[in-house]
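Engineer: Below are the sequence and a predicted model; questions follow.
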Amino acid sequence: TEGYEFPVLKGFKNYFENTTYKPHIICEIAPHAYPLLNYTLTQLKEYMISYNYYAYNILNTNIKIDITKLKETTNVIFIYNLP
């Protein structure tokens with residue numbers, strides 16, 4: 001989605017709030033696009049955490065990723081963690 005991943009994930013709000021099935025979400029995050037869209041990576045992180053999703057390294061899901069520190073377009077996997 002080339003920088004529009006946050007609006008796309010925001011479109012899942014109803015799904016996140018009304019289902020018990022919480023799949024992994026593979027997502028490419030393009031940090032350079034966020035200022036152009038008046039969003040921040042912190043907003044994305046807080047939004048996903050509000051639904052108990054956390055970002056991990058796509059190749060090693062034992063490694064958490066702090067998406068607020070991303071400088072380049074990066075693939076991550078959001079994994080639901082029980083509260």
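Structural biologist: Nice, I can see it.

Engineer: starting at the chain centroid, how far to the strand of greatest length in the chain?
Structural biologist: Using DSSP state E to define each element, the chain has its longest strand at strand 74-80. On the basis of CA atoms, centre = their mean, to the nearest Å, strand 74-80 sits 6 Å off its chain's mean C-alpha point.

Engineer: strand partners of that strand, parallel vs antiparallel please.
Structural biologist: Strand pairing for strand 74-80, determined by DSSP bridges: strand 25-29 (antiparallel), strand 53-57 (antiparallel).

Engineer: which residues are in contact with the helix ranked longest in the chain?
Structural biologist: Taking DSSP state H as the criterion, the chain has its longest helix at helix 41-50. With contact meaning CB atoms under 8 Å, 6 or more residues apart in numbering, helix 41-50 is reached by 5-6, 9-10, 29, 31, 34, 54-55, 66-68, 70, 78. Any C-beta I mention is one placed from the backbone N, CA and C, and that applies to glycine too.
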